[in-house]
Every structure is written in C-alpha cells, then in structure tokens.
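1. pasting the sequence and the predicted coordinates here, then a few questions.
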Amino acid sequence: MADGHTQPLLSAQISVCYAGKPPVLRDVKFEIQRGEVLGLVGQSGSGKSTLAMSILGLLDKKHSHIEGEIDFHDSDLLKLSERELRALRGRAIALVLQSPLSSLNPALKIRTQLKEAWRAHASGSGEDCIHAMRTALQNVSLPADDDFLRKYPSQMSVGQAQRVLIAMAILHRPALLIADEATSALDVITQSEILSLFRELNRSTGMAILYISHDLASVAGICDRIAILHQGAIVECGTTQQIFDDPHHEYTQKLMAAIPRIQSSAGNKTHAATAR
Ligand SMILES: Nc1ncnc2c1ncn2[C@@H]1O[C@H](COP(=O)(O)OP(=O)(O)OP(=O)(O)O)[C@@H](O)[C@H]1O
Ligand SMILES: [Mg+2]
C-alpha cells in the first residue's frame with residue numbers, strides 16, 4: 001500500500017513513436033506512488049510494453065523516438081546515460097516478463113543465474129551472495145537449499161520458474177518492480193498464486209509494482225489503482241474500486257462488460273474477479 005509520502009516514486013509524461021510509424025504513446029501521463037501497486041491495462045498493441053521499455057531505457061534509440069520526462073528518485077530517466085541506466089536496471093527498477101522458461105538460460109543452473117544477477121550490482125563475499133540468494137528464494141516461497149540451487153530451468157515447473165525470475169528481480173530490493181504480463185502464460189491456479197506473491201512482496205517490502213496486463217479481471221485483486229491504456233493514451237485512471245464500481249470512460253465500460261459475471265444463489269450478479 002502507498003505509505004503516505006507526497007512525492008511520487010515515479011512521475012512520467014511521455015510520447016513514443018517507432019521509426020516511420022504514427023505515435024504508439026501519445027502524451028501519456030501517470031504517477032506511481034511509493035509502495036503502490038498500479039495496474040496498467042489495455043488490449044494487445046495498446047503500447048503497454050512500450051511504456052515499460054521506456055521506463056527501463058530499453059527502447060532501441062535508432063528505431064524509436066521518445067519525448068517528455070520520466071522522473072524517478074529525483075532524476076529524469078530520459079536524460080541518463082546508458083551507463084547510469086545500467087546501474088539502475090535490476091537494482092532500483094526490476095522487470096519480470098511473461099515467459100519464465102524463455103527468460104531463464106536453459107544451460108545454466110539456478111545458482112549461477114541468481115549469482116550473476118547478484119554480482120551485477122553487488123561486490124560482497126561469496127557468503128553474502130549465498131545469503132542474498134537464499135533470502136530471495138525464501139521470499140518467493142521456493143526451497144532455498146543446495147538441491148534447488150543446482151537445478152536447471154527444465155527441471156522446474158513454469159510456476160517455479162516464474163518464482164525464480166521474481167527472486168532474481170527482488171535480489172537488490174528494487175523500489176519499483178515492473179511486471180509485464182507476468183502471469184499471462186500461467187494456468188489459473190498458478191496465476192492466482194503468483195498474483196498473491198506479488199501482493200505479499202509489495203506488503204512485506206514496500207516495493208512499488210507496475211503491474212501490466214491485458215486482463216482487467218486478473219489485476220483487480222492486487223492493484224491499488226488501475227490506469228486504462230487505449231490506443232496509446234491513458235483514458236482513465238482511478239482506484240480499483242472506482243474502476244469496477246463506476247467506470248467513466250466508454251472503453252473501460254467495454255472492458256468491464258467483457259468480464260464474466262457469476263450469479264449467486266441470492267440472485268446477485270458479481271464480477272468473477274471481485275467475487276472472492
Ligand atoms: N520495436 C518496434 N518497432 C516497431 N513497432 C513496434 C515495436 N515494438 C512495438 N511496436 C508496435 O507498437 C505498438 C504497441 O506495441 P506494444 O508491444 O507496446 O503493445 P502491448 O500493449 O505491449 O501489446 P501486447 O499486449 O501484445 O504485449 C504495436 O502496434 C506494435 O506493433
Ligand atoms: Mg506487451
């Protein structure tokens with residue numbers, strides 16, 4: 001939950017276009033408060049990943065153009081050098097993507113991959129590294145023993161692999177974690193477990209999360225606020241309650257209407273997403 005600081009953790013106003021194409025993001029303005037879970041919801045192609053990549057400075061500069069500002073920790077991310085961005089990525093801002101098994105290197109043991117992620121931003125002893133790896137694995141409810149650390153990605157379930165990626169992302173206790181469709185490839189039970197894990201980590205560490213999804217129903221349980229992205233513009237942003245109880249924009253209403261409803265024995269209709 002947001003902790004009451006008045007200064008947002010991240011405040012952005014950006015426009016982005018890829019070479020030779022009309023703008024993908026048009027003057028998109030949003031803020032992420034410290035400790036907040038902000039959902040970014042929009043259909044495929046609306047520009048969600050472009051927005052995530054803009055924050056992380058991962059857009060290919062030769063083939064894209066970005067205008068505006070992204071203020072994070074008192075610096076404008078768009079003005080940082082590649083070296084400064086590298087120091088920030090994976091440490092202050094971390095990313096978790098959709099396909100855990102393709103995001104992990106199949107040829108390397110989990111121990112090696114976690115170690116590399118830790119060494120990228122820390123210079124402590126081997127013992128410090130092992131301690132950090134075990135703590136991160138415990139935080140995502142995975143076994144933190146040698147047997148598990150010796151595993152290869154192919155020896156894990158997709159849910160376990162996603163937990164490993166989340167462990168990697170939280171190794172350096174980032175202030176902001178960006179989850180881009182991080183549960184979209186998972187079955188519903190695993191999806192719900194990983195969503196709960198994100199919420200738990202947000203509560204226990206105070207880390208803010210930008211939770212990106214095409215699925216409004218799936219974000220309902222974990223987001224404090226939701227921003228709706230439609231054709232490259234944020235058409236509505238409000239608390240999860242407001243978006244579900246009183247969606248203002250026509251497109252948000254359309255998204256809401258697309259969520260399956262369940263009927264209780266008393267005859268009341270409830271959105272499946274908010275029924276728990
Ligand atoms: N590197 C690129 N070069 C040119 N166009 C791109 C590039 N990356 C994305 N686009 C285009 O920009 C638009 C937004 O893409 P983006 O990947 O940001 O959408 P998205 O909301 O993340 O979609 P999805 O839900 O499918 O992941 C799309 O029309 C896409 O084709
Ligand atoms: Mg995307």
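-> Perfect, I can see it now. This one's a predicted model, so the numbers in the text were calculated from it and none came from an experiment. Ligands and ions are numbered 1, 2, ... in the order given.
2. contact residues of the chain facing ligand 2?
-> Listed as neighbours of ligand 2 in the chain under the rule Cβ under 5 Å from the ion: 48-49. (C-beta placed from N, C-alpha, C; glycine too.)
3. switch the cut-off to 6 Å
-> Applying Cβ under 6 Å from the ion, one finds that the chain approaches ligand 2 through 48-49, 180-181.
4. got the phi and psi for the closest residue to ligand 1 within the stretch 101-250 of the chain?
-> In the stretch 101-250 of the chain, the residue that lies nearest ligand 1 is His214 (4.9 Å; Cβ to the nearest ligand atom). Phi and psi for His214, reported as degrees, to the nearest 10, are phi -90, psi -10.
5. can you check Ala19 too?
-> Dihedral angles of Ala19 (phi, psi; degrees, to the nearest 10) stand at phi -50, psi 130.
6. what sits against it?
-> Contact analysis of Ala19 by Cβ atoms under 8 Å, 6 or more residues apart in numbering lists 62-65.
7. which of the residues you listed are buried?
-> Neighbour-count burial (16 or more other Cβ atoms under 10 Å) is assigned, among the contacts of Ala19, to Ser64.
8. so which of the contacts of Ala19 are also by ligand 1?
-> Among these, the ones lying near ligand 1 by Cβ under 6 Å from any ligand atom are His63.
9. which one of the contacts of Ala19 is nearest ligand 1?
-> When the contacts of Ala19 are compared for distance to ligand 1 (Cβ to the nearest ligand atom), His63 wins out at 5.8 Å.
10. residue contacts, the closest one?
-> His63 sits next to 18-19 when contact means Cβ under 8 Å, 6+ apart.
11. repeat that for the one 5 residues further on.
-> For Gly68, the residues meeting the contact criterion (Cβ under 8 Å, 6+ apart) are 12-15, 27, 78.
12. so is it in a helix, a strand, or just coil?
-> Using DSSP: H, G, I helix; E, B strand; the rest coil, the structure places Gly68 in strand.
13. and for the closest residue to it other than its chain neighbours, the neighbour number?
-> Closest residue to Gly68 apart from its sequence neighbours, by Cβ to Cβ, 6 or more residues apart in numbering: Ile14 at 3.8 Å. For Ile14, the neighbour count with other Cβ atoms under 10 Å is 21.
14. any idea what Ile14 is bridged to?
-> For Ile14, the beta-bridge partners are Val28, Gly68 (DSSP bridges).
15. in this protein, which helix is the longest?
-> helix 188-205 (DSSP state H).
16. could you give the angle of the helix or strand following it to helix 188-205?
-> Reading on from helix 188-205 to the C-terminus, the next helix or strand found by DSSP states H and E is strand 208-213. Strand 208-213 runs at 160 degrees relative to helix 188-205, counting by axes from the mean of the first three to the mean of the last three Cα atoms, to 10 degrees.
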